[in-house]
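In: I would like to see how this sequence folds:
(one chain, ligands or ions: 1)
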Amino acid sequence: MTMLPKEDAARAILARNDRGGYTVPTDRLYPFQWNWDSAFVAMGFAVFDVDRAYRELERLIEGQWDDGMIPHIVFHAPSDTYFPGPDVWGTRHRVPTSGITQPAVFGMALRHVHEAALAAGTAGATERTKVLFKAALRSHRWWLNARDPEGLGLVSILHPWESGSDNSPAWDEALARVPTTTTTAIRRKDTGHVDASMRPRDEDYQRFIHLVDTYRDCGWDPTRQWEAAPFKIADVQMTAILARATADLMRLAETLGTDEEKDELSRMHERLRAGLADRWRPDLSRFVNLDLISRRDIETPTQAGFIPLVALTLDDAQRTAIVAEVERWLSGMFVGVPSTPSFSPTFEPKRYWRGPVWAVINWLICDGLRLNGSEALARRIEQTVVQAIESAGFCEYFDPTTGEGLGGDTFSWTAAAYMVLGR
Ligand code: 9WN
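Out: Numbering: from 1, shown residues only. Below you'll find the predicted structure:
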């Protein structure tokens with residue numbers, strides 16, 4: 001296999017962040033197993049170690065709840081370098097976990113790992129995939145039951161942390177309605193590891209923890225949470241990833257699933273694709289979220305507006321419009337598609353999800369562009385991300401205007417993205 005210039009370093013990061021079959025996003029700043037990080041990391045492992053790729057997914061599933069939800073953090077081993085820890089979540093699950101979820105990249109990763117295993121002729125792969133396929137299907141059922149009770153064909157987040165884009169400007173208006181009062185004492189650890197100016201603000205954390213307090217008081221019951229939620233957004237990024245993961249499970253079901261499972265997955269897929277297609281805004285050349293409290297579209301530009309490309313086949317007019325819009329966002333930028341475009345008044349090139357470039361987000365956008373026929377543009381974007389990683393290191397994210405590496409360093413999903421995008 002051809003090795004990339006920094007491939008040894010990328011593999012060394014995954015080895016260093018290995019805590020026994022699961023990978024922490026980075027040492028100290030994020031000392032547990034995170035849901036969508038691990039799914040991307042599994043795809044990185046699949047490049048050179050399929051057995052370890054399966055282990056990553058299997059260890060994540062140790063945290064799956066009986067109702068099917070795959071939590072956003074699995075606290076396999078104690079650590080005091082992160083807030084909020086298991087005591088704040090109070091979920092009382094047999095393996096301590098948080099009480100919320102994250103984007104369903106799991107199903108995408110499972111297909112990827114399974115196909116890598118078949119290509120490598122790995123023994124026992126089909127049996128391992130089957131177990132994980134059942135777990136993924138249970139989690140997709142949870143998504144549609146718990147997070148689309150109105151049958152919109154769109155799944156909702158009840159906490160910004162669920163989106164994976166914690167302090168995105170997309171949440172500003174909705175989050176402002178959430179009180180800053182908390183019953184939990186807030187003891188942030190993140191700003192002890194990285195510069196506070198690159199992290200969410202204290203007021204964001206107060207609202208984040210208010211939401212955790214609210215849902216803990218609901219006993220983590222999905223129906224009670226849905227009713228009590230002061231923050232409820234039908235999210236196109238989340239829905240697109242779920243729809244794409246559903247398509248990937250459909251592919252696996254062709255050889256591993258029952259007829260009932262195939263039918264069920266097709267119905268889910270149709271429902272999600274129809275909901276998503278409805279979120280296209282021709283006047284903005286992108287897809288938009290729906291705030292289920294105000295019942296208004298969220299027009300703030302963020303990367304989420306492009307993620308539906310991973311799940312939908314656009315018509316020619318949409319394709320032309322979205323490519324022009326992506327080019328507009330790239331204009332004057334040094335690396336990748338930013339999380340917020342520089343022409344937006346909310347743009348802050350160094351503050352977490354308010355401008356910086358994330359390798360895994362660019363991975364999704366490029367995948368979607370490619371599926372919709374824009375191979376050259378996808379390749380161009382990927383190359384800027386790979387070059388930024390090669391010169392700045394495996395950082396958590398990058399300043400789009402300079403390519404400077406920011407946030408935590410030696411980051412697992414950046415290492416995984418490098419190995420996949422660089423090929
Ligand atoms: C909260 C681990 C996670 C990522 C998220 C990213 C950040 C956590 C935090 O780190 O979120 O889940 O404490 O900031 O926003 O996407 O999964 O890398």
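
In: Let me know the pLDDT of the closest residue in space to residue 277 that isn't next to it in sequence.
Out: If the residues on either side of it in the chain are set aside, residue 277 comes closest to residue 312, at 6.2 Å by C-beta to C-beta, 6 or more residues apart in numbering. (Glycine included, C-beta is placed from N, CA and C.) Taken from the predicted model, the pLDDT recorded for residue 312 is 98.

In: Look up which helix or strand residue 312 falls in, please.
Out: When secondary structure is defined by DSSP states H and E, residue 312 falls outside every helix and strand.

In: Kindly provide the distance from it to residue 275.
Out: Distance of residue 312 to residue 275, given as C-beta to C-beta, to the nearest Å: 11 Å.

In: And the spatially most central residue of the chain, its phi and psi?
Out: Note on the chain: the residue nearest the mean C-alpha position is residue 103, at 4.3 Å, using C-alpha atoms, centre = their mean. Residue 103 has phi and psi values of phi -50, psi 140 when expressed as degrees, to the nearest 10.

In: Contacts only, for it.
Out: Contact criterion C-beta atoms under 8 Å, 6 or more residues apart in numbering gives 35-36, 163-164, 237-238, 241-242 as the residues in contact with residue 103.

In: Same question for residue 314.
Out: Shown in contact with residue 314 (C-beta under 8 Å, 6+ apart): 322, 372.

In: Tell me the residues of the stretch 101-250 of the chain that contact the ligand?
Out: Contact residues (C-beta under 6 Å from any ligand atom) of the stretch 101-250 of the chain with the ligand: 161, 164, 166, 190.

In: which SS class is the third one?
Out: Using DSSP: H, G, I helix; E, B strand; the rest coil, the structure places residue 166 in coil.

In: so how many other residues sit close to it?
Out: Counted with other C-beta atoms under 10 Å, the burial measure for residue 166 works out to 18 neighbours.

In: which residues touch it?
Out: When contacts are counted by C-beta under 8 Å, 6+ apart, residue 166 touches 160, 200, 204, 208, 352-353.

In: phi, psi of it?
Out: Torsion angles at residue 166 (phi, psi; degrees, to the nearest 10) stand at phi -50, psi -60.

In: Could I get the pLDDT score of residue 2?
Out: The model reports residue 2 with a pLDDT of 86.

In: From the structure, what's the count of residues near it?
Out: Taking other C-beta under 10 Å as the criterion, the count of residues near residue 2 is 6.

In: how far away is it from the ligand?
Out: For residue 2, the distance to the ligand equals 29 Å [C-beta to the nearest ligand atom, to the nearest Å].

In: In which helix or strand does that residue reside?
Out: Judged by DSSP H and E, residue 2 forms part of no helix or strand.

In: out of the contacts of residue 103, who's nearest residue 289?
Out: Proximity to residue 289 was ranked across the contacts of residue 103 by C-beta to C-beta; first place goes to residue 237, at 8.1 Å.

In: give me every residue that touches that closest one.
Out: Contact analysis of residue 237 by C-beta under 8 Å, 6+ apart lists 103, 163-165, 303-304, 307.

In: hang on, residue 226 packs against residue 148?
Out: No: counting by C-beta atoms under 8 Å, residue 226 stays clear of residue 148, with 10.0 Å between them.

In: By proximity to the ligand, which residue of the stretch 251-400 of the chain wins?
Out: Of the stretch 251-400 of the chain, the residue with the smallest distance to the ligand, taken as C-beta to the nearest ligand atom, is residue 353 at 6.4 Å.

In: starting at the chain centroid, how far to stretch 325-343?
Out: Per C-alpha atoms, centre = their mean, to the nearest Å, the displacement of stretch 325-343 from the mean C-alpha position of its chain is 20 Å.

In: OK, contacts around the residue nearest to residue 277?
Out: Applying C-beta under 8 Å, 6+ apart, the residues contacting residue 312 are 240, 243, 273, 276-277.

In: What of residue 290?
Out: Counting by C-beta under 8 Å, 6+ apart, residue 290 touches 152, 154, 233-234, 279, 296-298.

In: which stretches of the stretch 201-350 of the chain form strands?
Out: In order along the chain, the stretch 201-350 of the chain carries the following strands (DSSP state E, counting those that start in this stretch): 233-234, 280-281, 286-287, 289-291, 296-298.

In: Now flag whichever of the residues of the stretch 101-250 of the chain next to the ligand is closest to the ligand.
Out: Relative to the ligand, and with distances defined as C-beta to the nearest ligand atom, the nearest of these is residue 164, at 3.5 Å.

In: The closest one and residue 36 touch, don't they?
Out: Yes: applying C-beta under 8 Å, one finds residue 164 in contact with residue 36, separated by 5.5 Å.

In: Common neighbours of these two, please.
Out: In the contact map built from C-beta under 8 Å, 6+ apart, the residues linked to both residue 164 and residue 36 are 102-103.

In: So which bits of stretch 51-64 are buried?
Out: Within stretch 51-64, the residues scored as buried using 16 or more other C-beta atoms under 10 Å are 52-61, 63-64.

In: so how far is the host helix or strand of residue 14 off the chain centroid?
Out: Counting by DSSP H and E, the element that carries residue 14 is helix 7-16. Here the centre of helix 7-16 is set off from its chain's centre by 22 Å, with C-alpha atoms, centre = their mean.

In: which helices and strands sit right next to it?
Out: helix 35-45, helix 412-421 (3 or more C-beta pairs under 8 Å, 6 or more residues apart in numbering; DSSP states H and E).

In: Just the CA coordinates for the longest one, please, in PDB.
Out: What follows is helix 35-45 as a C-alpha-only set of coordinates in PDB (Å, rounded to 0.1, in the frame of the first residue of the first chain):
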ATOM      1  CA  ASN A  35     -19.900   8.600  19.300                       C
ATOM      2  CA  TRP A  36     -19.300  10.200  15.900                       C
ATOM      3  CA  ASP A  37     -15.600  10.600  16.500                       C
ATOM      4  CA  SER A  38     -15.300   6.800  16.900                       C
ATOM      5  CA  ALA A  39     -17.300   6.200  13.700                       C
ATOM      6  CA  PHE A  40     -14.900   8.400  11.700                       C
ATOM      7  CA  VAL A  41     -11.900   6.800  13.500                       C
ATOM      8  CA  ALA A  42     -13.200   3.300  12.600                       C
ATOM      9  CA  MET A  43     -13.000   4.300   8.900                       C
ATOM     10  CA  GLY A  44      -9.500   5.500   9.400                       C
ATOM     11  CA  PHE A  45      -8.500   2.200  11.100                       C
END
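
In: Before I go, just wanted to say thanks for your time.
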